[in-house]
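In: When you get a sec, could you give me coordinates for this:
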Amino acid sequence: MNSGDYKYIWQSKDWPNWHFDLAALAGPMAEVSRAQGLLMGRLADVGMALRDHANLAALTEDVVKTSEIEGEQLNVESVRSSIARRLGVDIGALAPVDRHVEGVVEMVLDATANYQAPVTRERLFGWHAALFPTGYSGLARIKVGGWRDDASGPMQVVSGPIGRQRVHFEAPPADRLEAETSCFLDWLNGASNEAPLIKAGLGHLWFVTLHPFDDGNGRIARAIGDLLLARADGSPQRFYSLSEQIQRERKAYYDILERTQKRSMDVTEWLSWFLDTLHRAVEQAQHTLDAVLTKTRFWQRWATTPLNERQVQLLNKLQDGFEGKLTSSKWAAIAKCSPDTALRDINDLLTRGVLNKSEAGGRSTSYVLVESVPGEGA
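Out: I've put the predicted structure just below:
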């Protein structure tokens, strides 16, 4: 602890003048830029339709994972359908979408597609209202579309059972939020000396520190980070998901945030973690692009084969990473059809050469895409 006589960084006399060792961060920034260059170079060699699908895949992961970090599970198909409809990307049959999914999608798309627009109080309030369309977070009624008022006590991030809770962090009091958010938004929208990637890391951290809403602060902080990354890239299209990578490293994310809140205004360690995580996110996007290309080749190969909606639905699920083994009973359950109908669907695909029986043992026969059988063509 080197924070002197204060407990949290927002209590520092130097707040909010961030300090960092730019020389120590030069290497990580160069690595991110190199990985981005390799990814964009590869994307330049594919058609617009493939880039649209890669963008769709990255945005879907971003929406799903930013909620998952907070312990909330969204339906992946609903998220993909919502984004595809808004972007005009053809993915065939669309899944039903509820207003909560729509709200998270609206926030993420507004942050990235409208990255050049100023971030105002009203815009942030709109994001917050979109995240909580009913005015409730779980069973608790919260203040929506406005800063918290601390009516029930200080804003604290806690864990553990009631009576033995551990306070990880306490945010600035509500009566400081008008001044604090004004300072933040002036910095966010104004010209600054920080490199764009550094600004993205600082924006994420600064908003989390303010924690100005009753709930949803983490998701909005990550949306602000995405907006600043879009500004850094100079493009509304997203081909990598930082939220997906943060979800993979969720414990480390919360640990570094807690340490940073209790230290000095030197945030070099946080920025180093942010850049390293961003680097891994960009590298992971190469695998996402592989999957998009594989899926596109698959549907190009079978484009002239007449398939029913159930078959298309299940084949897409197999391509998106079906968990476990696909059996006729699982087919029937997912497609909401009878076991006989499921077996007819499967036998038709076996005859056409789209599916093969898996060589793996087990009590039930399972099926795999011909593409995924060892020795078959890619």
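
In: neighbouring contacts of the lowest-mean-pLDDT helix or strand in the chain?
Out: None of the helices or strands of the chain scores lower by mean pLDDT, DSSP states H and E than strand 156-159, at a mean of 78. Strand 156-159 is contacted by residues 165-171, 211 when judged by CB atoms under 8 Å, 6 or more residues apart in numbering. Where you see a C-beta, it was placed from the backbone N, CA and C, and this is true even at glycine.

In: now these: which count as buried?
Out: Those of these that meet the buried threshold are 168-171, 211, by 16 or more other CB atoms under 10 Å.

In: can you put the residues you listed in a markdown table and add secondary structure and distance to N114?
Out: Below are the buried ones among the contacts of strand 156-159 laid out as a markdown table (DSSP: H, G, I helix; E, B strand; the rest coil; distance: CB to CB, whole Å):
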| residue | secondary structure | distance to N114 |
| --- | --- | --- |
| H168 | strand | 33 |
| F169 | strand | 30 |
| E170 | strand | 33 |
| A171 | coil | 27 |
| H211 | coil | 24 |
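
In: which of the residues you listed lies closest to Q247?
Out: The nearest member of those to Q247, counting by CB to CB, is H168 at 18.4 Å.

In: Who are the contact partners of the closest one?
Out: 156-159, 254, 258, 261.

In: check which helix or strand covers P16.
Out: Applying DSSP states H and E as the criterion places P16 outside every helix and strand.

In: begin at 561 from here
Out: Sounds good: first residue 561 from here, last item P576.

In: Pretty sure it sits against P732.
Out: No: between P576 and P732 there is no contact, the gap being 10.2 Å when judged by CB atoms under 8 Å.

In: Of the two, which one has the most company?
Out: P732 (20 against 16; other CB atoms under 10 Å).

In: And what about T694, helix, strand or coil?
Out: Look at T694: counting by DSSP: H, G, I helix; E, B strand; the rest coil, its state is coil.

In: in the stretch 811-938 of the chain, which spans are strands?
Out: 886-887, 915-917, 926-929 (DSSP state E, counting those that start in this stretch).

In: which neighbours does the first one have in its sheet, and in what orientation?
Out: Strand pairing for strand 886-887, using DSSP bridges, gives strand 926-929 (antiparallel).

In: Could you list the low-pLDDT ranges of the protein?
Out: 561-565, 652-653, 720-721, 920-923, 931-938 (pLDDT under 70).

In: remind me, longest helix of it?
Out: helix 828-861 (DSSP state H).

In: how about that one: buried residues?
Out: Buried residues in helix 828-861, counting neighbours by 16+ other CB under 10 Å, are found at 828, 830-835, 837-845, 848-849, 852-853, 855-856, 858.
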